[in-house]
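Enquirer: Predicted structure and sequence below. I'll ask about it afterward.
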Amino acid sequence: PERTLVLVKPDGVRRGLSGEVLRRIEAKGYSLVAVELKQATTELLAAHYAEHEGKPFYAPLVEFMLSGPTLAVVAEGQGVIPGFRSLAGATDPTEAAPGTIRGDLGRDWGLKVQQNLVHGSDSPESAAREIGLWFPHL
Ligand code: GTP
Ligand code: MG
């Protein structure tokens, strides 16, 4: 069955929203395969965000992702890759629709778009790569 990598980013963990994100994943009918609270490292983030290296928001994004623990989650279910991205909503929390995680819970961070609570893999290839990075034993 299809699997995706979800991250509750450090802003979400700090605000106590880990359980709320897990609740929404389970309420939608997806199952949890693995859940782990982890402090990311520069090496892990360089691999995870390789596609964004060189972009202006890359350094602040990595710095933010190092600012506290991240809840890493593997979720499973039919269509879970696009399904979780629709649960998450638009990248910018100020544009994310009500009913989505970012739309309901995200704050107006001005230019700090990186603080958008969650990550979800965007394709089967990304999911396989990202699950391997965050859960090498899976
Ligand atoms: P993820 O699920 O986190 O990958 O979000 P996404 O797929 O909606 O966005 P994308 O992969 O394009 O960007 C990864 C992360 O970089 C985003 O979640 C944001 O945290 C951050 N980011 C993307 N675009 C911008 C931007 O224009 N400015 C800033 N400051 N951060 C950005
Ligand atoms: Mg992305």
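Expert: Structure received. Ligands and ions are numbered 1, 2, ... in the order given.

Enquirer: Contacts only, for the spatially most central residue of the chain.
Expert: Taking CA atoms, centre = their mean, the centroid of the chain lies closest to residue 119, which sits 1.8 Å from it. Residues in contact with residue 119 (CB atoms under 8 Å, 6 or more residues apart in numbering) are 5, 6, 7, 9. Using the backbone N, CA and C atoms, a C-beta is placed for each residue, glycine as well.

Enquirer: Now rank the residues you listed by neighbours and give me the top one.
Expert: Most neighbours among those, by other CB atoms under 10 Å: residue 6, with 28 neighbours.

Enquirer: now residue 16: how far from ligand 1?
Expert: Separation of residue 16 from ligand 1 (CB to the nearest ligand atom, to the nearest Å): 20 Å.

Enquirer: Assumed that residue was part of a strand.
Expert: No. Residue 16: not assigned to a strand; according to DSSP: H, G, I helix; E, B strand; the rest coil it is coil.

Enquirer: okay, now it: neighbour count?
Expert: For residue 16, using other CB under 10 Å, the count is 8.

Enquirer: List phi and psi for it.
Expert: phi 80, psi 30 (degrees, to the nearest 10).

Enquirer: For the protein, which residues are neighbours of ligand 1?
Expert: Counting by CB under 6 Å from any ligand atom, the chain comes close to ligand 1 at 57, 61, 91, 112, 113, 114, 116, 119, 120, 122.

Enquirer: In this protein, mark out all the helices, start to finish.
Expert: Using DSSP state H, the helices of the chain run over 10-14, 18-27, 42-48, 58-65, 80-88, 101-105, 124-134.

Enquirer: Make JSON lines out of those helices and add mean neighbour count.
Expert: Output for the helices of the chain, formatted as JSON lines (neighbours: other CB atoms under 10 Å):
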{"stretch": "helix 10-14", "mean neighbour count": "20"}
{"stretch": "helix 18-27", "mean neighbour count": "16"}
{"stretch": "helix 42-48", "mean neighbour count": "15"}
{"stretch": "helix 58-65", "mean neighbour count": "16"}
{"stretch": "helix 80-88", "mean neighbour count": "20"}
{"stretch": "helix 101-105", "mean neighbour count": "20"}
{"stretch": "helix 124-134", "mean neighbour count": "16"}
